[in-house]
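Enquirer: got a predicted model here, sequence first, then my questions.
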Amino acid sequence: MYAPMFARLPLYLRLIRMDKPIGSLLLLWPTLNALWIASNGRPSASLLIIFALGTVLMRSAGCAINDYADRDFDRHVKRTESRPITSGKIRAWEALVIAAALSIVSFLLILPLNGLTKELSVAALFVAGTYPFTKRFFAIPQAYLGIAFGFGIPMAFAAVQDQVPAIAWVMLAANVFWSVAYDTEYAMVDRDDDIKIGIRTSALTFGRYDVAAVMFCYGVTLGIYAVLGYTLRFGWLYWAGWAGALGCALYHYTLIRGRERMPCFAAFRHNNWLGGILFAGIAAHYAVSSL
């Protein structure tokens, strides 16, 4: 018997990962980077609220869609077998309703913004909604995830400048490489289960070169941000943040080189610090520059 809807509220919160905020933070940091750079360090309070809430809502909607798409796979993976849909505690259609409701609320948030931002939000919704299904055929679905997780970047520039300059797409490219890095670490945790059920992941595609691929992607990400920092003439506070992010990436190598489940998972979770430190460097640069 299914419990009344109100009694299932904790299950709905688990479905949209409100108990695991790291996913929202991994979306938020690159979006904040874009807002700060697009506005020269002076984003409006309204834009901060809209993009912060929108990030959480769209990540939550994506989780609901992901669990709907993976409901027949998750029961074969120890880490996911107890998720609400897979365990039968909520119906699959409920996840779709929740995802739709969250997407509508997210769209309502951007109604005050310009037309270009609204147009990009439609593309963002499409990418986020189709990502879970790419794991059936795409060898590196984490790259597609990077686009989904980084679409707040061009949207932020569009909201501030009513255009999407080249730097926005360069930052999106950096986010794709970062996403491949951290989500490959995540995929390394489930490698054995994914082989059994036939899901495509970057950890399987890279094979014995998985650690090297992760570090390469970190290198490209930080290399792009180094070029951005040089081009935009950022000061030493930015470079201190960049160096901190580099230190995080090197620390992740010490965790994943043995390919053990829990250290790989720890490395994935630690990416919140990498993203946060890099943003702190950007914010600190603009804060000092405005004095």
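Expert: Received the coordinates, thanks. Residues are numbered from 1 along each chain as shown.

Enquirer: residues in contact with stretch 244-263?
Expert: With contact meaning C-beta atoms under 8 Å, 6 or more residues apart in numbering, stretch 244-263 is reached by 181, 185, 188-189, 210-211, 214-215, 218-219, 222, 225, 264, 266-267, 270-271, 273-275, 277-278, 280-281. Quick note: C-beta positions are derived from backbone N, CA and C, even for glycine.

Enquirer: pLDDT on the host helix or strand of A159, on average?
Expert: With elements taken from DSSP states H and E, the one containing A159 is helix 152-161. Helix 152-161 shows a mean pLDDT of 97.

Enquirer: beyond that helix, next helix or strand please.
Expert: Defined by DSSP H and E, the subsequent element after helix 152-161 is helix 166-189.

Enquirer: pull out the buried positions in that following helix.
Expert: The neighbour-count check on helix 166-189 (16 or more other C-beta atoms under 10 Å) flags 167-168, 170-189 as buried.

Enquirer: circling back: gap between the helix holding A159 and the chain center?
Expert: 17 Å (C-alpha atoms, centre = their mean, to the nearest Å).

Enquirer: and if you look at stretch 236-252?
Expert: 19 Å.

Enquirer: pull out the buried positions in that stretch.
Expert: With the criterion 16+ other C-beta under 10 Å, stretch 236-252 contains buried residues 237-238, 241-242, 244-246, 248-249, 252.

Enquirer: flag the shaky bits of this protein, pLDDT-wise.
Expert: 1-6, 73-81, 193-199 (pLDDT under 70).

Enquirer: go again using 50 as the cut-off
Expert: 1 (pLDDT under 50).

Enquirer: pick the one among the buried residues of stretch 236-252 closest to F137.
Expert: If you rank those by distance to F137 using C-beta to C-beta, H252 comes first, at 28.5 Å.

Enquirer: the closest one: helix or strand, and which one exactly?
Expert: Using DSSP H and E, H252 falls within helix 236-256.

Enquirer: could you check the angle helix 166-189 makes with that helix?
Expert: On the basis of axes from the mean of the first three to the mean of the last three C-alpha atoms, to 10 degrees, helix 236-256 is oriented at 20 degrees to helix 166-189.

Enquirer: quick one: contacts for A213?
Expert: 180, 184, 202, 206.

Enquirer: change it to 6 Å
Expert: F206 (C-beta atoms under 6 Å, 6 or more residues apart in numbering).

Enquirer: tell me which residues in whichever strand or helix holds it are buried?
Expert: Assigned by DSSP H and E, A213 belongs to helix 210-231. Judged by neighbour count using 16+ other C-beta under 10 Å, the buried positions of helix 210-231 are 210-211, 213-215, 217-218, 220-222, 224-225, 228-229.

Enquirer: can you name the two of those that sit furthest apart?
Expert: Spatially, the most separated pair among the buried residues of helix 210-231 is D210 and G229, at 28.8 Å (C-beta to C-beta).

Enquirer: show me the two of the buried residues of stretch 236-252 that sit farthest apart.
Expert: L237 and H252 (23.4 Å).

Enquirer: could you check the angle helix 236-256 makes with the helix ranked longest in the chain?
Expert: The longest helix of the chain (DSSP state H) is helix 261-289. On the basis of the same axes, to 10 degrees, helix 261-289 is oriented at 180 degrees to helix 236-256.

Enquirer: may I see the buried residues of helix 261-289?
Expert: For helix 261-289, the neighbour count (16+ other C-beta under 10 Å) marks 263-268, 270-286 as buried.

Enquirer: ok now it, how far from the chain's centre?
Expert: Its chain's average C-alpha position is 13 Å from that of helix 261-289, according to C-alpha atoms, centre = their mean.

Enquirer: just checking, what packs against the helix holding A159?
Expert: helix 22-38, helix 115-134, helix 166-189 (3 or more C-beta pairs under 6 Å, 6 or more residues apart in numbering; DSSP states H and E).
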